[in-house]
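>>> Okay, here's the prediction I keep looking at, along with the sequence it came from:
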Amino acid sequence: MLELYYTRRPISSKKFIAELFRECGITAPVLRGENGKPFLADRSRFFSVSHTDELTAVVFSDQEVGLDAERADEARRYDKILSALSPAERAEIGSAKDFFAHWTAKESYVKFRGETLGKLYRRLSFIGGRLLLDGKPLPVSLHFGTLFEEKYIFCVCNASAEKIVCKER
């Protein structure tokens, strides 16, 4: 099961994670991978963090996981990013919500892998609800949702389809 905790309280990601770790009884030190992805030293649980605007969110899992959340309710310029997408992806994007579904799918996969966006972005595409790397389908599951009356869109990426439980803090 995936557990997504989120808040709009003015709190740093680091403090929010510390609160959640205390509540969940997690005591293992947090280390960082080559590209900065945080992980527990004992690998007892896996987590991913996203912070945007006033939203801070953390997802916990029993396996590797990636999370991205974006504010999707305001008009934001994404023309430059849109021009970097494939024609097939651009054809699927008719609204900000469509764009942020594509963006969060890609970003959550990058976090899942512990890679950098610059390394994978041009190789990744999100077409027809599937993530592709160099045109080949990836064996991952994407879990989309919205928070705070669709003000935020999020995507969780992991290796298997699991139920996701969201809990506001």
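Thanks, I have it. Given the structure is predicted, the values throughout are model-derived calculations rather than measurements.
>>> what are the ranges of the helices in this protein?
Along the chain, counting by DSSP state H, helices occupy 13-24, 79-83, 87-92, 96-113, 117-120.
>>> So for the fourth one, mean pLDDT?
Just to be clear, that refers to helix 96-113. The pLDDT scores in helix 96-113 average 94.
>>> which other residues reach that helix?
The contact list for helix 96-113 (Cβ atoms under 8 Å, 6 or more residues apart in numbering) reads 37, 48, 50, 64-70, 72-76, 78, 81-82, 85, 89, 92-93, 116-117, 120-121, 124, 126, 131, 138, 140, 142, 144, 150, 153-158. (Glycine included, C-beta is placed from N, CA and C.)
>>> With the first one instead?
Taking contacts as Cβ under 8 Å, 6+ apart, the residues outside helix 13-24 that touch it are 5, 7, 9, 11, 26-27, 30, 45, 47, 49, 51, 56, 58, 60, 169.
>>> The second one too?
Contacts with helix 79-83, where a contact means Cβ under 8 Å, 6+ apart, come from 90, 93, 99, 103.
>>> what about the first one, how many residues close to it?
So the one you mean is Arg90. Per other Cβ atoms under 10 Å, the neighbour tally for Arg90 reads 14.
>>> ditto for the last one
Here the count is done by other Cβ under 10 Å, and Trp103 has 22 residues near it.
>>> how close does it get to Ala159?
21 Å (Cβ to Cβ, to the nearest Å).
>>> repeat for the second one
If you measure Ile93 against Ala159 using Cβ to Cβ, the figure is 27 Å.
>>> still on that earlier bit, which of the helices of the chain sits most buried?
helix 96-113 (a mean of 22; mean count of other Cβ atoms under 10 Å).
>>> and that helix, C-alpha only, in PDB?
Provided in PDB are the C-alpha atoms of helix 96-113 (Å, rounded to 0.1, in the frame of the first residue of the first chain):
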ATOM      1  CA  ALA A  96      -3.000  22.900 -18.000                       C
ATOM      2  CA  LYS A  97      -4.300  19.800 -16.200                       C
ATOM      3  CA  ASP A  98      -3.200  17.600 -19.200                       C
ATOM      4  CA  PHE A  99       0.200  19.300 -19.200                       C
ATOM      5  CA  PHE A 100       0.700  18.700 -15.500                       C
ATOM      6  CA  ALA A 101      -0.400  15.000 -15.800                       C
ATOM      7  CA  HIS A 102       2.400  14.600 -18.400                       C
ATOM      8  CA  TRP A 103       4.900  16.500 -16.300                       C
ATOM      9  CA  THR A 104       4.200  14.800 -13.000                       C
ATOM     10  CA  ALA A 105       4.300  11.300 -14.700                       C
ATOM     11  CA  LYS A 106       7.800  12.100 -16.000                       C
ATOM     12  CA  GLU A 107       9.100  13.700 -12.800                       C
ATOM     13  CA  SER A 108       7.800  11.000 -10.600                       C
ATOM     14  CA  TYR A 109       9.600   8.400 -12.700                       C
ATOM     15  CA  VAL A 110      12.800  10.400 -12.500                       C
ATOM     16  CA  LYS A 111      12.500  10.400  -8.700                       C
ATOM     17  CA  PHE A 112      11.600   6.700  -8.700                       C
ATOM     18  CA  ARG A 113      14.800   6.000 -10.500                       C
END
